[in-house]
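**Student:** need a structure here:
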Amino acid sequence: MVLNRRDLLRQAAFSALVSNLVSRTGLGSGIHQLAHPSASARAINALQLEPFVDPLPVLQRLPLQDRRFRITMREIRVKMHRDLPPARLWSYGPDAIGPLLEARSHEELAVEWCNQLPPKHFLPIDYSLHGSGPEMPDSRTVVHLHGGRTPAVDDGYPEHWYPSGQSRVCHYPNRQDAAMLWYHDHAMGTSRLNLYAGLMGVYLLRDAHEKQLNLPSGNFELPLVLYDRIFDHQGQLFYPVSPDPEHPWMDEVAGDAMVVNGRVQPFYEVEPRRYRLRMLNAANARFFRLALSNGASFQQIGADQGLLPVPIQLATLLLAPGERADLIVDFAPMRGERIQLTNGAFQMMQFRVASAPVRDSSQVPGTLLPRAGLPQNAAARTREMTLNEFKDRAGNPVVMLLNRTPWHMPVTETAKLGSTEIWSFVNLTDDTHPIHLHHVRFQVMDRRSFDRDVYLLQNATLRFTSAATGPNPNEAGWKDVVQCPPNMVTRIHISFDGYPGRYLWHCHVQEHEANDMMRPYVIV
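**Tutor:** Sure thing, here's the model as predicted:
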């Protein structure tokens, strides 16, 4: 293929960008995709731990006083498995998962987030990442209410971190539908480590419409926070790094210990009746393909931003980091059985179903929350955004970018308050990226395969290789995280309701986000 002068200039610009980024980060040695050779010797094989010996911790609801909470971040010790010693964690409370916050739609809450963490981090910081120099405090934090429609000053912007000994009061207006939100750390340069250390919790937003549906509630509604970890031979959290101590960043971290609500492969005793399982994928990088070991189907009734229009019958569910799923599992036909929640070949947890029949007055209505589709012709504008991964000469990832633009560059996306826009994510990498937009909600439109080589060599020309496919049935509701598969264009229609200010969008694979796969945007 003959390249014209414009193509050559474009390729030269790309090469210059990569060279600058390599120079800025000090990377490029061809080692970042590989764990340190001693990593396997330092980590235990968690698959050898006996499963289903610890009861599932039920998240503890924090008592509400005058619609205000005070939550303190501290270092704690928690036994995550019967046969492991207490592990050092950072948490928003006394347990591995922060306290359960419950709020009502359109009733504002205020939370004072107090940072009382130790001054030094116990996980390896990469000081070469942008915004993460050695002059920064190790234990900097800022809390993001993921999925919340929140004023910009309270959203948890990565650069709004504060050190140990300080606190921040955030106001959450809750002007949105009932949904499962979650809170977690978002400090620039260390959020991947802070989440891995344990800084996460669940925020359930209720409304009158949800209440009148008569879904399973009380003891029969169960939030489940799913993630994975690696343990060293002392039973402590192990976070793998590259062999270069100056640049320990790894492009993805996935563990062999499957954790639910802070325990490795726990069990939970259930009655033979319907349960509402509120699933959250809080892993750094792992996608969970969830199923029941007996092959039974279940119903999904909600996604990230609340209820679906109608229940969706599923046998498996693929949940990306940051995504939530609201599931109904009917254990009535499984009396006396022990059923595993599986993730492919892994076992997440076990449900022990009682034998005696019980009365169940809950229901799952055929219509949950009708959703009006956003008309395409109403969009104020459309944008084409690329998902990029730049590699060194050995083929190892050096930096991840959105629209080929590092975090610190000027804002390039400005939207008008009250408008809608269509964004097309052109995935030029080999990974599926879960893209999250702060503050707003959106509807998934479609996905379509394209020829990546043509796009890269012919002046960003999109040559589609298949017809567009609509969203999966369980993506029919409002979302705030969308899975963007490789070599595909994923389109979403965004509603910019809420508040003006500076927010951000990013990949929710924590290691990608940390190495610049994160960009600000502004609502005016």
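
**Student:** Please count neighbours and contacts with C-alpha atoms only from this point.
**Tutor:** Fine.

**Student:** Ramachandran angles for residue 132?
**Tutor:** Phi and psi for residue 132, reported as degrees, to the nearest 10, are phi -130, psi 40.

**Student:** That one - how many residues pack around it?
**Tutor:** If you count neighbours by other Cα atoms under 10 Å, residue 132 ends up with 18.

**Student:** If we ignore the residues flanking it in sequence, what's nearest it?
**Tutor:** Among residues not flanking residue 132 along the chain, residue 189 sits closest, at 4.8 Å (Cα to Cα, 6 or more residues apart in numbering).

**Student:** doesn't residue 131 make contact with the one you found?
**Tutor:** Yes - look at residue 189 against residue 131 with Cα atoms under 8 Å: they come within range, at 5.7 Å.

**Student:** if you count what's nearby, which of these two comes out ahead?
**Tutor:** The neighbour comparison of residue 189 against residue 131 (other Cα under 10 Å) goes to residue 189, with 27 against 18.

**Student:** which SSE is the residue nearest to residue 132 in?
**Tutor:** Using DSSP states H and E, no element contains residue 189; it sits outside every helix and strand.

**Student:** Provide a list of residues in contact with it.
**Tutor:** Residue 189 makes contacts with 126, 129-132, 514-515, as judged by Cα atoms under 8 Å, 6 or more residues apart in numbering.

**Student:** What backbone torsions are found at it?
**Tutor:** phi 90, psi -20.

**Student:** same check, this time on the one 3 residues further on
**Tutor:** Summarising the backbone geometry of residue 192 under the convention degrees, to the nearest 10, its torsions are phi -60, psi -40.

**Student:** Report the contact partners of the residue nearest to it when sequence neighbours are not counted.
**Tutor:** Nearest residue to residue 192 in three dimensions, chain neighbours excluded: residue 510, at 5.0 Å (Cα to Cα, 6+ apart). Counting by Cα under 8 Å, 6+ apart, residue 510 touches 191-192, 252, 284-285.

**Student:** can you give me the helices in the stretch 351-500 of the chain?
**Tutor:** 452-457 (DSSP state H, counting those that start in this stretch).

**Student:** now this protein, which segments are flagged as low pLDDT?
**Tutor:** 1-41 (pLDDT under 70).

**Student:** Which parts of the chain are helices?
**Tutor:** 5-25, 39-42, 191-197, 208-211, 452-457, 510-514 (DSSP state H).

**Student:** quick one, strands of the stretch 51-200 of the chain?
**Tutor:** With DSSP state E, counting those that start in this stretch as the criterion, the stretch 51-200 of the chain has strands at 68-78, 87-91, 101-104, 109-115, 143-146, 167-172, 179-185, 200-206.

**Student:** of all those, which lies closest to residue 455?
**Tutor:** Closest of the strands of the stretch 51-200 of the chain to residue 455 is strand 143-146, at 33.2 Å (criterion: Cα to Cα).

**Student:** Show me what the closest one is packed against.
**Tutor:** Packing contacts for strand 143-146, counted by 3 or more Cα pairs under 8 Å, 6 or more residues apart in numbering; DSSP states H and E, involve strand 179-185.

**Student:** Run a quick check on residue 82 versus residue 51, I expect a contact.
**Tutor:** No - between residue 82 and residue 51 there is no contact under Cα under 8 Å: 9.6 Å.

**Student:** In contact with residue 339, which residues?
**Tutor:** Contacts of residue 339 (Cα under 8 Å, 6+ apart): 292-294, 350-353.

**Student:** Turn these into TSV, including distance to residue 337 and neighbour count.
**Tutor:** As requested, those are exported to TSV (distance: Cα to Cα, whole Å; neighbours: other Cα atoms under 10 Å):
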residue	distance to residue 337	neighbour count
292	12	19
293	11	15
294	10	12
350	10	23
351	8	20
352	6	21
353	5	21
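
**Student:** May I see these arranged in TSV, with distance to residue 100 as well?
**Tutor:** As requested, the contacts of residue 339 are exported to TSV (distance: Cα to Cα, whole Å):
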residue	distance to residue 100
292	26
293	28
294	30
350	22
351	22
352	24
353	25
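
**Student:** Name the nearest of the residues you listed relative to residue 318.
**Tutor:** residue 292 (12.9 Å).

**Student:** Which residue ranges of the stretch 251-400 of the chain form strands?
**Tutor:** 257-260, 263-264, 267-270, 274-281, 288-292, 298-303, 306-314, 317-319, 324-330, 338-343, 346-353, 381-391, 397-402.

**Student:** Quick check: which of the ones you listed is buried the most?
**Tutor:** strand 263-264 (a mean of 28; mean count of other Cα atoms under 10 Å).

**Student:** Just checking: what are the partner strands of that strand?
**Tutor:** strand 257-260 (antiparallel) (DSSP bridges).

**Student:** The residue lying closest to residue 247 once chain neighbours are set aside: what's it in contact with?
**Tutor:** Nearest non-adjacent residue to residue 247, counting by Cα to Cα, 6+ apart: residue 126, 5.7 Å away. Taking Cα under 8 Å, 6+ apart as the criterion, residue 126 is in contact with 132, 189, 246-249.

**Student:** Distance to residue 435 added to the residues you listed, as a markdown table?
**Tutor:** Formatted as a markdown table, the contacts of residue 126 follow (distance: Cα to Cα, whole Å):
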| residue | distance to residue 435 |
| --- | --- |
| 132 | 23 |
| 189 | 18 |
| 246 | 29 |
| 247 | 25 |
| 248 | 24 |
| 249 | 20 |
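
**Student:** Let me know the distance separating the residue most central in space within the chain from residue 285.
**Tutor:** Among the residues of the chain, residue 322 comes closest to the average C-alpha position under Cα atoms, centre = their mean, at 1.8 Å. Distance, residue 322 to residue 285, using Cα to Cα, to the nearest Å: 10 Å.

**Student:** tell me, what's touching those two both at once?
**Tutor:** residue 508.

**Student:** quick one: contacts for residue 47?
**Tutor:** Listed by Cα under 8 Å, 6+ apart, the contact set of residue 47 reads 256-257.

**Student:** ah, wrong one, I meant residue 83
**Tutor:** residue 49.

**Student:** Please report phi then psi for it.
**Tutor:** phi -100, psi 10.

**Student:** That one and residue 235, how far apart?
**Tutor:** From residue 83 to residue 235 the distance is 9 Å (Cα to Cα).

**Student:** Having no further points to raise, I will conclude here.
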